[in-house]
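**Student:** Have a look; sequence and predicted model below, questions after that.
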Amino acid sequence: MKKLILLVILFSFLLIVFYEKEKPSLSIEGCENITASRLKIVCYSLFSRNYTYCKLAQDFSNYCYDSVFPLVKVDESLCLSFPENYQKISCLVALSVKTNNPNVCSLLKEEALSSACYARLMNYVDYYEDSSFCYNISHESTRFLCLAKKNKDIGYCYNITQEIEERVGCLGILTRNVSYCKIETTGAISKITLYFCVKDIALSFNDISICNEINEDEGKWECKAALAKDDSVCNEASDPWKDFCKLEFIKTQLTKKYLWSS
């Protein structure tokens, strides 16, 4: 009996050691592996969950705000207190997702700003109870893609008339068919459409290999970082995308950990 107990204890210990070894390491020390100073500031901002450092990130400041706000406690007064419109929108988007209330975008009285806020919510459309907020998006293709995704209805894609490449991207996302993402409509494939189309499909299938269909480096490594089990996948990237990929991996993991608990 004693031998059996000892074997159980030993097995449990080995299991814990193996798990600790295999699970992705995620600590502030990982920021030291990022060489670009601006991205390193974003990394420290993420781990400290402190958006005040973002202003030091220079041309990555907006990216920093987008990344950190989902990790911190935000409220209406805080969001509206920021001097820059981008900061307000980024903060309200985080507040909207945390409170499951897309109507916070209406706190921005200028129609262009509130519409931009609603458009950003499209990335989180599956989290909301209904799709009514989609109608507040002035940009046609974003509005109908929002409705198509939430209602899982391909018919909305055909309502996109102004940007045909966006209609094709909508069809790709709704049918989960990457070939749609690549259809040329006006002599050139929209890089933005291709990226969002392929990334959405890759996330749907939880298949990192689909990210390779994105030719643009930024989109490809953002896609891979979102699906990677650890940041070793970033070693395949060339500079400067290696740093970006590592930071995206950290952002993704911390967002999963804190978004609903802050």
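**Tutor:** Right, received. Where do you want to start?
**Student:** For the stretch 101-250 of the chain, which segments are assigned as helices?
**Tutor:** 111-121, 140-151, 164-175, 178-181, 191-205, 217-227, 241-258 (DSSP state H, counting those that start in this stretch).
**Student:** Looking at these, spot the one closest to Tyr51.
**Tutor:** helix 241-258 (13.1 Å; Cβ to Cβ). Where you see a C-beta, it was placed from the backbone N, CA and C, and this is true even at glycine.
**Student:** ok so, going back, got the helices of the stretch 101-250 of the chain as CSV, with mean neighbour count columns?
**Tutor:** As requested, the helices of the stretch 101-250 of the chain are exported to CSV (neighbours: other Cβ atoms under 10 Å):
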stretch, mean neighbour count
helix 111-121, 19
helix 140-151, 21
helix 164-175, 22
helix 178-181, 18
helix 191-205, 20
helix 217-227, 21
helix 241-258, 20
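**Student:** could the ones you listed go into CSV alongside distance to Glu76?
**Tutor:** Formatted as CSV, the helices of the stretch 101-250 of the chain follow (distance: least, Cβ to Cβ, whole Å):
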stretch, distance to Glu76
helix 111-121, 13
helix 140-151, 23
helix 164-175, 32
helix 178-181, 38
helix 191-205, 29
helix 217-227, 29
helix 241-258, 20
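**Student:** Any idea which of those gets closest to Asp130?
**Tutor:** Checked against Cβ to Cβ, the stretch from these lying closest is helix 140-151, at 7.4 Å.
**Student:** Now do that closest one and helix 111-121, the angle between them.
**Tutor:** 40 degrees (axes from the mean of the first three to the mean of the last three Cα atoms, to 10 degrees).
**Student:** now helix 140-151, how far from the centre of its chain.
**Tutor:** Distance of helix 140-151 from the chain centroid (Cα atoms, centre = their mean, to the nearest Å) equals 18 Å.
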